[in-house]
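Enquirer: below are the sequence and a predicted model for it; my questions follow.
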2 protein chains.
Amino acid sequence: MERTLSINVAERIGKEVMVSGWIHKIRKLGGINFIVLRDRGGLVQAIVEKTEDLDKLKELTTESVVSITGKVVKEDRAPGGAEIHVQNVEILSPVTEDIPIEINKKDLNVNLDTLLDFRPLTLRAFSQKAIFKVQAEILSAWRDFFKELDFTEINTPKIVGAGAETGGAEMFEVKYFKKKAYLAQSPQLYKEIMAGVFERVFETAFVYRAEPHSTSRHINEYMSLDIEMAFINSWTDLIDMHQDLIKYVIDRLKKNSKKEFDLLGAKIPDFVKIPVIKLREAQEILEKEYGEKCIGEPDLEPKHEKQLCEYSTKKWNSEFIFITHYPSKKRPFYTMDDPESPEETLSFDLLFRGLEVTTGSQRLHRYKDHMSKMKKRGMSTEGFEDYLNVFKYGMPPHGGFCQGLERLTARFLELDNVKEASLFPRDMNRLKP
Amino acid sequence: MERTLSINVAERIGKEVMVSGWIHKIRKLGGINFIVLRDRGGLVQAIVEKTEDLDKLKELTTESVVSITGKVVKEDRAPGGAEIHVQNVEILSPVTEDIPIEINKKDLNVNLDTLLDFRPLTLRAFSQKAIFKVQAEILSAWRDFFKELDFTEINTPKIVGAGAETGGAEMFEVKYFKKKAYLAQSPQLYKEIMAGVFERVFETAFVYRAEPHSTSRHINEYMSLDIEMAFINSWTDLIDMHQDLIKYVIDRLKKNSKKEFDLLGAKIPDFVKIPVIKLREAQEILEKEYGEKCIGEPDLEPKHEKQLCEYSTKKWNSEFIFITHYPSKKRPFYTMDDPESPEETLSFDLLFRGLEVTTGSQRLHRYKDHMSKMKKRGMSTEGFEDYLNVFKYGMPPHGGFCQGLERLTARFLELDNVKEASLFPRDMNRLKP
């Protein structure tokens, strides 16, 4: 018999069905034996009566995998409004030992380390599955948005010979046959090269940061959502497109992920036009509203990011806020300085619910501008030859941005730690599972 | 003025437009100066008459990036049936030195090393862009197919602590803070774990093979398209779904990529039901038809893969052919042996135009079966603990397969070398660009 998913059982009242899944719960209630079965659709309840079937189940614990055949009966008290009166139970994979973590409770009630240590099991809990269902939806929506705008998907190498944008210290070293190589910390140089080919490109791939610190905002391997776009008129084109992107993702989440947000008690924000302010203005707000003495600092502290989002929500009703014009000395060499204020750059970050989720900028596009900036910084061109050469061969004005998928997921779902939004996160101390 | 793409110019005859792009060619014909401009849409021709504009162009070579404003005039001899009579040329990025490779010819006429050494430039040629447009379409179609079947996209770690499925020799070593780690050679163990969570999962990501050989079929970093599916009734479910996948991808290519196939002189195959034969039968065909003494060999040689595709095309009109039941000793430990013939496995490869493009199988799903197989092979369970534990906690019958995106692209487009289907391929000697 063909398998019926739990969500479709109630449509087949009076008929015989076969359902397959995990034993989520076994309950005895007034002498009746209930199995609550879990499959990718949800839960379905089955009543076991035959001694033969009860004997089969005796030795088993939850998470055993079974196929149940039986008749569907209307039952308002059961999940979905129907239950199965069992005719046969087939055991596909018996579980005979105790499960180390009870994953059939609404609240897993474990600390972060336990959650991650037992990941293959804890991921089966509805709350954990919901996180990664939302993540898949964000990723899918993100790609669709750019495909509709004629962006071409690219896949650029993660094993690189050299060319750390921000100094080599933050790169993981790889033994590459007899050579030394590194794991890419971003597709930056490649995506710029590719903007010279397809004009508009995106990539969704892991990148690697050998940052030796453990915070709730960092993981050492993360999914970077990258775009680069040629023939922009101004860096503000990127901001405008980014506004549309956020609206698009929110619309898709409202359409497809409401169930998961409800389960996790998180709110999908309503889209309002996102305010755009300069870093300098942001610092004035921080001083005036929060007493933070930060005017003239080159960057925002984590605390400031939280305060600015709080302020933006209160003042503009937007949980997102763009901060622009970061100082030149704090931004990578390829960033275009503001011609009207060369100490500042045509750059921006997007903050969302207290955290930076995007960083972007207009880039330099003329070879001579690159040369003079590198010289001014005392940077060597070594390792950048292939990247720099492309600017000799005609590069249009361009810019782009990147987002961390795990951060984005974590902020949408209001999770405490970005690691909760990574299936198998990597940090200084965590190489497994 | 807003930019018009080259493909839309002919719709605006009599109007003024602004086009932006690269100078693909500069031609003088009977005293008239033509610029052929290239943008992401294609080519458009412009006639320059003003001395002022001609002076601007004098110093420039092809690949200079310009914006041209002018009036659109019907001209049947021009590409698209219209040309622009230039009113103004603005130079966005001048190119003043000779381009090392002429990319504006129909045939690049360079050898593979030159093609790859000058990748940032050679990728701008129409023939090269076409390859990666097709690749993006395959990838997009592939993901769509599985999303429609309720598969969930996952992203599993590429930095792994241990657990090489086929012995550690083929893994790249990573210096991970103070520990030793490796680059994942496939998401196999993770995708199985995730089949225990979402039942149906897919992943499209780079994987890494430290294979110290250089062939036209191998690259050391490649995009692996992976699926894993729980609650299969039989390994043949995977074959059936794979048939549908190939049909779906072919339909999408016919719909969206005809232009690129035409440009590259490649044929999109018509879908016919793909024949499925056992390795043993394949070897009998090879002996009978090609005089190859290979019966009983554990695997096919590259030559055999070509012969079998040739045979399949002739006999069944299919350029694809499934070969099944590879011997147990040649397949990884997690592969399910055929209960009716334990020396063979419930495994398959898909060959396409002479090359293996898919490998898949039903997997073991019971803990005790894993233990006895590992024991029989004399394998240690060290490094596999997290993977093996999941089988204690209830895993359904499952199986899956993986495809190499570059190989798939190369076979669809009939390219000689798989490296041509990688933007920036990595091999033993190639770490850049």
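Expert: In hand now; what should we look at?
Enquirer: by mean pLDDT, flag the weakest helix or strand of chain A.
Expert: helix A:51-58 (a mean of 86; mean pLDDT, DSSP states H and E).
Enquirer: buried stuff in that one?
Expert: A:53, A:56-57 (16 or more other Cβ atoms under 10 Å in any protein chain shown). For every residue, glycine as well, the C-beta is placed using N, CA and C.
Enquirer: pipe those into JSON lines and attach distance to chain B per row.
Expert: Listed next are those as JSON lines, based on distance: Cβ to the nearest Cβ, whole Å:
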{"residue": "A:53", "distance to chain B": "18"}
{"residue": "A:56", "distance to chain B": "15"}
{"residue": "A:57", "distance to chain B": "13"}
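Enquirer: picking that back up, so which elements touch the least confident helix or strand of chain A?
Expert: Here helix A:51-58 touches strand A:32-39, strand A:82-93, going by 3 or more Cβ pairs under 8 Å, 6 or more residues apart in numbering or on different chains; DSSP states H and E.
Enquirer: these two touch, right, residue A:90 and residue A:64?
Expert: No. Checked against Cβ atoms under 8 Å, the pair residue A:90 and residue A:64 is beyond contact range at 11.1 Å.
Enquirer: between these two, which one's more packed in?
Expert: Between residue A:90 and residue A:64, counted using other Cβ atoms under 10 Å in any protein chain shown, residue A:64 has the larger neighbour count: 22 against 13.
Enquirer: now that one: phi and psi?
Expert: Torsion angles at residue A:64 (phi, psi; degrees, to the nearest 10) stand at phi -60, psi 140.
Enquirer: name the SS class of the closest residue to it other than its chain neighbours, please.
Expert: Residue nearest to residue A:64 in three dimensions, not counting chain neighbours: residue A:95, with 4.3 Å by Cβ to Cβ, 6 or more residues apart in numbering or on different chains. Going by DSSP: H, G, I helix; E, B strand; the rest coil, the secondary structure assigned to residue A:95 is coil.
Enquirer: same question for residue A:110.
Expert: Per three-state DSSP, residue A:110 ends up coil.
Enquirer: which one is it nearest to, not counting chain neighbours?
Expert: Residue A:110 sits nearest to residue A:101 (Cβ to Cβ, 6+ apart), 6.3 Å away.
Enquirer: part of a helix, is that neighbour?
Expert: No. Read with three-state DSSP, residue A:101 is coil and lies in no helix.
Enquirer: let me see the domain layout of chain A.
Expert: Chain A resolves into domains spanning A:6-93, A:121-421 when parsed by automatic domain parsing.
Enquirer: reformat those domains as a markdown table; add distance to residue B:425.
Expert: Below are the domains of chain A laid out as a markdown table (distance: least, Cβ to Cβ, whole Å):
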| stretch | distance to residue B:425 |
| --- | --- |
| domain A:6-93 | 37 |
| domain A:121-421 | 8 |
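Enquirer: around chain B, pick out the residues from the stretch 301-433 of chain A.
Expert: For the stretch 301-433 of chain A, the residues in contact with chain B (Cβ under 8 Å from any Cβ of the partner chain) are A:365-366, A:386-387, A:389-397, A:405, A:423-426, A:428, A:431-433.
Enquirer: okay, and which of those map to helices?
Expert: A:386-387, A:389-392, A:405 (DSSP state H).
Enquirer: out of those residues, which comes closest to chain B?
Expert: The closest of these to chain B turns out to be residue A:386 (Cβ to the nearest Cβ; 3.5 Å).
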